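*Asks:* Sequence first, then the predicted structure, then my questions.
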Amino acid sequence: MKAIKITLDFTNMKYPAQLHRELKTKFEFPDYYGENWDALWDCLDGWYEDDENVTVEIKGLETMPDDMRQYAQTMLRVFDDVHSNSPNVIFIIATA
């Protein structure tokens, strides 16, 4: 079984575009990634095969301004849904 580790670092991000750029880069999404939550779901749903164990570490959420932390809550819900559909994809929030 193939193991994949991805680290998302949102340290001090202030704008949604920065957050989506991090997602697009680290997940290696295609150019047509729409930089919204529906597009995130569309790209992650089925993105990884069942024979891949994927661990996604999420860093820096606590350093983001309040409005960005609120914005990122939807991202975390998408991650929960992805994990529900693909239990081999695990998301871990790192604490400082």
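*Replies:* Arrived safely.
*Asks:* didn't K5 look like it was pressed against E52?
*Replies:* No: using CB atoms under 8 Å, K5 makes no contact with E52, being 11.0 Å away. Heads up, the C-betas are built off the backbone N, CA and C, glycines and all.
*Asks:* distance between the one helix or strand I92 maps to and the chain's centre?
*Replies:* For I92, the host element (DSSP states H and E) is strand 89-93. Chain-centre distance of strand 89-93: 9 Å, with CA atoms, centre = their mean, to the nearest Å.
*Asks:* With neighbour numbers in mind, choose between K5 and E52.
*Replies:* E52 (14 against 9; other CB atoms under 10 Å).
*Asks:* quick one, strands of the protein?
*Replies:* Assigned by DSSP state E, the chain shows strands spanning 2-9, 52-59, 89-93.
*Asks:* Looking at those, which is nearest to R21?
*Replies:* strand 2-9 (11.1 Å; CB to CB).
*Asks:* how about the CA coordinates for that closest one, as PDB?
*Replies:* The C-alpha trace of strand 2-9 is given here as PDB (Å, rounded to 0.1, in the frame of the first residue of the first chain):
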ATOM      1  CA  LYS A   2       1.300   3.400  -1.000                       C
ATOM      2  CA  ALA A   3       1.600   6.000   1.800                       C
ATOM      3  CA  ILE A   4       1.300   9.700   0.900                       C
ATOM      4  CA  LYS A   5       1.800  12.600   3.300                       C
ATOM      5  CA  ILE A   6       0.700  16.100   2.500                       C
ATOM      6  CA  THR A   7       1.300  19.100   4.700                       C
ATOM      7  CA  LEU A   8      -1.000  22.200   4.300                       C
ATOM      8  CA  ASP A   9       0.500  25.300   6.000                       C
END
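*Asks:* what residue is smack in the middle of the protein?
*Replies:* Ranked by distance to the mean C-alpha position of the chain (CA atoms, centre = their mean), the top residue is L23 at 5.6 Å.
*Asks:* Show the contacting residues for it.
*Replies:* 8, 29, 33, 40, 75 (CB atoms under 8 Å, 6 or more residues apart in numbering).
*Asks:* Tell me the confidence at it?
*Replies:* Predicted confidence (pLDDT) at L23: the value is 97.
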